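Enquirer: Below is the structure, and that's it, no one-letter string:
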């Protein structure tokens, strides 16, 4: 652990120390969780157009035949069984055919576009960073859980907090750093203040682990489950925006088994988080956005996988919203250069979320985009 990593961990732990379950008016009125599926999730095998004959034609070996029907034309991947019934309960909206104009097949370019909210040119700030700055949010107004800090949370002047899961879980390495810190000379500037902060942070970390241990029956014992357990703690503590990323979604080869495992971990983890939020009385207060930087190509490749595509699907989850399927059916009979045509601009979804958060979307996004009418 180098100095930069340690300071990031220390700042994150200081934030967690301050995150205690809020009561009444102390709690932020609305909160957002963004789950970023890094690598390009295969939307067509996540939300399956099982009645479209073109689906089977394009995917003779990768097509999913045992999906869970949620509408007359759409089925969930079997691994999403924990989400079964959510749409009927009014808690799940699926938006299909979402992307941006003049799409790129590059992970880096597409992630920059989605996270900045700007498809043209280079932007050094993110859509959520600009929103947070517009409301003068403090540094702890948003927390990122993941490896690579996202552009989405970078403001023009401010960045927000970062909790790196691999540092949180490296107990022995962290303890070595702390021992070195404790051994510093007392006359070093701020040494005592830093030591006290570290000790308080250690206590907070210990308390949270004990709490997560008591709730281990809720969250699955997986990397995703552990990470979403931390997310639940932060949301119950009133953090307005939490952003988490999960990698591995670039399924060029052996997709069937890999995608099954990825979706199962995601579905079980999000279902556990929903249970946690419901028990805390937060199911209506927290909106969950699950997205990926692009979909996969509709036709399978020769390696039992799929290649980079364009338009894909995203999900919005909350205690109650205008549930259903938005964005039209995937136009598998009229592909553009082998890819799905965009029918929904991703900024329409952002506009919806920003409006729900009480912001002016035009101020954040630079233009006005028609919301879809999902969040109520």
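Expert: Arrived safely. Quick caveat, the model's predicted, so the values are computed rather than measured.

Enquirer: Quick check: residue 341 touching residue 309?
Expert: No - the pair residue 341 and residue 309 does not pass the contact test of CB atoms under 8 Å, sitting 11.2 Å apart. C-betas here are computed from N, CA, C, even on glycine.

Enquirer: of these two, who's got more company?
Expert: residue 309 (23 against 16; other CB atoms under 10 Å).

Enquirer: Next one, pLDDT for the more buried one please.
Expert: If you check residue 309, the pLDDT there is 98.

Enquirer: got the phi/psi numbers for it?
Expert: Main-chain torsions, residue 309, degrees, to the nearest 10: phi -120, psi -150.

Enquirer: I'd say it and residue 299 touch.
Expert: No - counting by CB under 8 Å, residue 309 stays clear of residue 299, with 9.5 Å between them.

Enquirer: since we're on the closest residue in space to residue 295 that isn't next to it in sequence, how many residues are nearby?
Expert: Leaving aside its sequence neighbours, residue 295 sits nearest to residue 312 (CB to CB, 6 or more residues apart in numbering; 2.7 Å). By the criterion of other CB under 10 Å, residue 312 has 28 neighbours.

Enquirer: Residue 312 reaches residue 292, doesn't it?
Expert: Yes - judged on CB under 8 Å, residue 312 makes contact with residue 292 at a distance of 6.1 Å.

Enquirer: shared neighbours, those two?
Expert: 40-41, 43 (CB atoms under 8 Å, 6 or more residues apart in numbering).

Enquirer: among those residues, which ones are buried?
Expert: 40-41, 43 (16 or more other CB atoms under 10 Å).

Enquirer: ok, of those, which one's closest to residue 106?
Expert: residue 40 (10.3 Å; CB to CB).

Enquirer: Please give the element, helix or strand, for the residue lying closest to that closest one once chain neighbours are set aside.
Expert: Excluding the flanking residues, the one nearest residue 40 by CB to CB, 6+ apart is residue 294, at 4.8 Å. For residue 294, there is no helix or strand it lies in under DSSP states H and E.

Enquirer: List the residues that contact residue 294.
Expert: Per CB under 8 Å, 6+ apart, neighbours of residue 294: 40, 99, 103, 105, 110, 308-312.

Enquirer: Generate a ChimeraX selection restricted to the buried subset of those residues.
Expert: The ChimeraX command for the buried members of those (criterion: 16+ other CB under 10 Å) is given here:
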select :40,99,103,110,308,309,310,311,312
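
Enquirer: give me the beta-bridge partners of residue 339?
Expert: Beta-bridge partners for residue 339, by DSSP bridges, are residue 336.

Enquirer: Next, count neighbours for residue 139.
Expert: Neighbours of residue 139 (other CB under 10 Å): 13.

Enquirer: any chance you could map the strands in this protein?
Expert: Counting by DSSP state E, the segments of the chain that form strands are 31-37, 47-48, 68-69, 75-76, 92-99, 142-145, 161-163, 241-246, 286-292, 312-317, 324-326, 344-345.

Enquirer: where are the low-confidence patches of the stretch 201-350 of the chain?
Expert: 201-217 (pLDDT under 70).

Enquirer: And the helices in it, which stretches?
Expert: 223-236, 255-279, 346-356 (DSSP state H, counting those that start in this stretch).

Enquirer: next one: the stretch 1-150 of the chain
Expert: Under DSSP H, counting those that start in this stretch, the stretch 1-150 of the chain gives helices at 3-18, 53-58, 107-116, 127-134.

Enquirer: Let me see the mean pLDDT of the longest one.
Expert: If I follow you right, that is helix 3-18. 52.

Enquirer: ok, now the last one?
Expert: Averaging pLDDT along helix 127-134 yields 97.

Enquirer: For it, list every residue counted as buried.
Expert: 127-133.

Enquirer: now the angle between strand 31-37 and that helix, please.
Expert: 160 degrees (axes from the mean of the first three to the mean of the last three CA atoms, to 10 degrees).

Enquirer: tell me the angle of helix 127-134 relative to helix 107-116?
Expert: Using the same axes, to 10 degrees: helix 127-134 against helix 107-116 is 30 degrees.

Enquirer: how far does helix 127-134 sit from the chain's center?
Expert: Distance of helix 127-134 from its chain centroid, counting by CA atoms, centre = their mean, to the nearest Å, is 17 Å.

Enquirer: Okay, buried residues for stretch 47-55 please.
Expert: Using 16+ other CB under 10 Å as the test for burial, stretch 47-55 gives 47-50, 52, 54-55.

Enquirer: Likewise for stretch 99-119?
Expert: With burial defined by 16+ other CB under 10 Å, the residues of stretch 99-119 counted as buried are 99-100, 103-104, 110-119.

Enquirer: residues contacting residue 305?
Expert: 62, 251-255.

Enquirer: same thing but 7 Å
Expert: Residues in contact with residue 305 (CB atoms under 7 Å, 6 or more residues apart in numbering) are 251-255.
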